[in-house]
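> next come a sequence and a model predicted from it.
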Amino acid sequence: MYSSYFQSKRLVSIHILAIQLLLVRSVSSLNLTNAYLHHKCFLNQGNYKPGSKYEKDLNSLISHLSTGNFPDGFEHMSNEEAPPNSVNVIIQCRGDSYGSTCRSCFATAVAELRRRCPRNKGATIWYDQCFLDIGTINSTPRKIDYQNTFSMHNPNNMKGDKESFNKKTRDFLSSLILKADKAEANSTNLLYYAAGEISLGANKLYAMVQCAKDIARCKDCLEWSIRQLSKCCDGKQGARVLGTSCNLRYEIYPFLRT
């Protein structure tokens with residue numbers, strides 16, 4: 001028996017050098033349809049053997065999820081066993097990527113994670129429009145993971161008053177957090193997600209914030225992510241901070257579906 005946790009562009013080519021840069025913590029943030037961003041294989045959770053119960057349960061969960069509709073872009077499923085036999089699969093799609101778009105990202109992530117982390121019991125992979133996490137650790141709600149995060153940024157700096165730009169960006173992201181953290185169960189809006197745009201003189205600033213729907217303290221996670229921007233992305237034209245608990249992004253060009 002499986003359990004499921006619910007709370008209610010352009011294509012550009014990537015050179016080999018660019019792919020290598022994506023593996024480090026701070027890399028260029030590009031407007032890609034669904035680019036691979038990063039992955040982690042968690043060796044501390046061990047490996048599974050071919051034909052093992054873990055593999056069978058993992059394949060069953062993935063098969064079940066593959067037929068889903070992903071109406072709100074999120075699923076957390078488990079085989080309901082205790083560690084080390086626990087198998088968990090979490091798929092979180094970006095707030096504008098749900099339904100068939102989310103299902104497509106899930107299929108891509110599954111195939112690539114199997115290739116990059118073969119037979120690892122624990123692993124995570126991030127794409128532009130989703131992340132996939134598998135592992136033996138199960139808790140609901142999940143604790144915020146501040147360790148498995150990374151940042152990306154546009155290589156170009158904003159012209160003019162950098163400090164003013166940084167403050168306006170932080171303030172705008174903070175205002176979006178207030179919208180995302182309302183978590184109104186009966187709302188027709190996507191839970192734990194907010195996006196918008198503001199004018200910055202001749203430019204516009206576009207931004208989004210989002211939390212995974214099975215964490216308890218969305219606001220704390222996103223506020224921590226905003227603080228990371230000063231360490232990785234000071235004055236950059238675009239940046240994002242990603243993890244398995246929450247993520248945020250801003251750019252001076254539109255990068256979301258309207």
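Everything's here; your move. Numbering: from 1, shown residues only.
> buried residues of stretch 75-84, list them for me.
Within stretch 75-84, the residues that qualify as buried by neighbour count (16 or more other Cβ atoms under 10 Å) are 75-79. Where you see a C-beta, it was placed from the backbone N, CA and C, and this is true even at glycine.
> how far does it stretch from one end to the other?
21 Å (Cα to Cα, to the nearest Å).
> and that stretch, how far out from the chain middle?
Here stretch 75-84 is found 20 Å from its chain centre; the criterion is Cα atoms, centre = their mean, to the nearest Å.
> helices along this protein, start to end?
16-21, 53-66, 100-116, 162-180, 218-232 (DSSP state H).
> in a markdown table: the ones you listed, plus mean neighbour count, distance to residue 139 and mean pLDDT.
Formatted as a markdown table, the entries for these read as follows, by neighbours: other Cβ atoms under 10 Å; distance: least, Cβ to Cβ, whole Å; pLDDT from 0 to 100:
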| stretch | mean neighbour count | distance to residue 139 | mean pLDDT |
| --- | --- | --- | --- |
| helix 16-21 | 11 | 34 | 31 |
| helix 53-66 | 16 | 17 | 96 |
| helix 100-116 | 18 | 21 | 96 |
| helix 162-180 | 16 | 22 | 95 |
| helix 218-232 | 18 | 15 | 95 |
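> adding distance to residue 124, write the ones you listed out as JSON lines.
Putting those into JSON lines (distance: least, Cβ to Cβ, whole Å) gives the following:
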{"stretch": "helix 16-21", "distance to residue 124": "18"}
{"stretch": "helix 53-66", "distance to residue 124": "14"}
{"stretch": "helix 100-116", "distance to residue 124": "8"}
{"stretch": "helix 162-180", "distance to residue 124": "22"}
{"stretch": "helix 218-232", "distance to residue 124": "16"}
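> closest to residue 136 out of these?
In this view, these are compared for proximity to residue 136 by Cβ to Cβ, and helix 53-66 is the closest at 8.3 Å.
> could you pull out the strands in the chain for me?
Listed in chain order, the strands of the chain (DSSP state E) span residues 3-4, 36-47, 74-78, 88-93, 120-127, 130-135, 150-153, 193-200, 203-211, 239-242, 246-251.
> quick one, which of those strands is packed in tightest?
For these, ranked by mean neighbour count under the definition mean count of other Cβ atoms under 10 Å, the leader is strand 88-93 at a mean of 26.
> so what are the sheet partners of that strand and their directions?
Paired strands of strand 88-93, with direction, are strand 74-78 (antiparallel), strand 130-135 (antiparallel) (DSSP bridges).
> any chance of these in TSV, plus mean pLDDT and distance to residue 179?
Formatted as TSV, the strands paired with strand 88-93 follow (pLDDT from 0 to 100; distance: least, Cβ to Cβ, whole Å):
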stretch	mean pLDDT	distance to residue 179
strand 74-78	93	18
strand 130-135	96	21
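> dump these to a markdown table, plus distance to residue 154.
As requested, these are exported to a markdown table (distance: least, Cβ to Cβ, whole Å):
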| stretch | distance to residue 154 |
| --- | --- |
| strand 74-78 | 28 |
| strand 130-135 | 21 |
